[in-house]
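Enquirer: got a predicted model here, sequence first, then my questions.
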Amino acid sequence: MSGRIFIDADACPVKAEAERVATRHQMRMILVSNGGIRPSANPLVESVFVAAGPDEADKWIAEACGVGDVVVTGDIPLAAKCVAAGAKVVKHNGEELTGANIGNVLATRDLMQDLRSADPFRQGGGRPFSKADRSRFLEVLERVVRQAKL
């Protein structure tokens with residue numbers, strides 16, 4: 001079945017925004033997590049709880065998504081798998097990941113990971129999530145969902 005929105009839900013700051021878009025388009029939304037996520041009363045929203053483990057939710061989403069689906073994640077390796085499966089991918093900040101840019105994004109992620117591991121004094125995880133990020137996410141998710149429905 002196509003036309004679903006998958007949410008990598010454990011650390012997702014835009015679940016409510018994604019649910020509004022899913023409801024507007026009458027699309028199923030699947031929240032995938034290791035637990036600790038409050039189930040939604042919305043009949044379009046399904047919660048899937050996977051076994052504890054660092055990549056269990058990622059594995060589940062990567063195996064389940066396909067053409068016509070939209071995946072919301074900040075996990076770049078997961079995004080690469082979803083793009084390869086034909087799904088559209090949107091990061092929490094509104095950046096769309098596609099076949100055209102996923103290779104560069106993955107390479108940059110790997111480089112930054114190497115730099116952080118080489119310098120134990122390097123701190124921080126990037127800039128904080130902002131209202132502008134939330135707004136951009138909503139705008140991009142709306143556009144991507146419309147494209148996925150075509």
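Expert: Everything's here; your move. Residues are numbered from 1 along each chain as shown.

Enquirer: okay, buried residues for stretch 27-37 please.
Expert: M27, R28, M29, I30, L31, V32, S33, I37 (16 or more other CB atoms under 10 Å). (C-beta placed from N, C-alpha, C; glycine too.)

Enquirer: one more: stretch 4-17?
Expert: Residues of stretch 4-17 classed as buried under the neighbour-count rule (16+ other CB under 10 Å) are R4, I5, F6, I7, D8, A9, D10, C12, V14, K15, E17.

Enquirer: show me the contacts for V14.
Expert: With contacts taken as CB atoms under 8 Å, 6 or more residues apart in numbering, V14 has the following neighbours: V72, H92, R134, F137, L138, L141.

Enquirer: related to what we said a few turns ago, quick one: least confident of the buried residues of stretch 27-37?
Expert: For the buried residues of stretch 27-37, the minimum pLDDT belongs to I37; the value there is 85.

Enquirer: pull up the gap between F137 and P43, please.
Expert: With distances taken as CB to CB, to the nearest Å, F137 is found 24 Å from P43.

Enquirer: those two - which one has more neighbours?
Expert: Counting neighbours by other CB atoms under 10 Å for F137 and for P43 shows that F137 has the greater number, 23 against 8.

Enquirer: please report phi then psi for that one.
Expert: Dihedral angles of F137 (phi, psi; degrees, to the nearest 10) stand at phi -60, psi -50.

Enquirer: what sits against it?
Expert: Contacts here follow CB under 8 Å, 6+ apart; on that basis F137 touches V14, E17, V90, K91, H92, N93, G94.

Enquirer: let's go with 10 Å and repeat that
Expert: If a contact means CB atoms under 10 Å, 6 or more residues apart in numbering, then F137 has 13-14, 17-18, 21, 72, 90-95, 129 as its contacts.

Enquirer: what's the pLDDT at K81?
Expert: Per-residue confidence at K81 stands at 94 (pLDDT).

Enquirer: please apply the same query to M112.
Expert: The per-residue pLDDT of M112 was computed as 64.

Enquirer: so which of the contacts of F137 are in strands?
Expert: Residues of those located in strands (DSSP state E): V72, V90.

Enquirer: let me have the contacts of F137 in JSON lines, extended by distance to Q147.
Expert: Rendered in JSON lines, the data for these read as follows (distance: CB to CB, whole Å):
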{"residue": "P13", "distance to Q147": "23"}
{"residue": "V14", "distance to Q147": "18"}
{"residue": "E17", "distance to Q147": "18"}
{"residue": "A18", "distance to Q147": "16"}
{"residue": "V21", "distance to Q147": "13"}
{"residue": "V72", "distance to Q147": "15"}
{"residue": "V90", "distance to Q147": "11"}
{"residue": "K91", "distance to Q147": "16"}
{"residue": "H92", "distance to Q147": "19"}
{"residue": "N93", "distance to Q147": "19"}
{"residue": "G94", "distance to Q147": "15"}
{"residue": "E95", "distance to Q147": "15"}
{"residue": "F129", "distance to Q147": "25"}
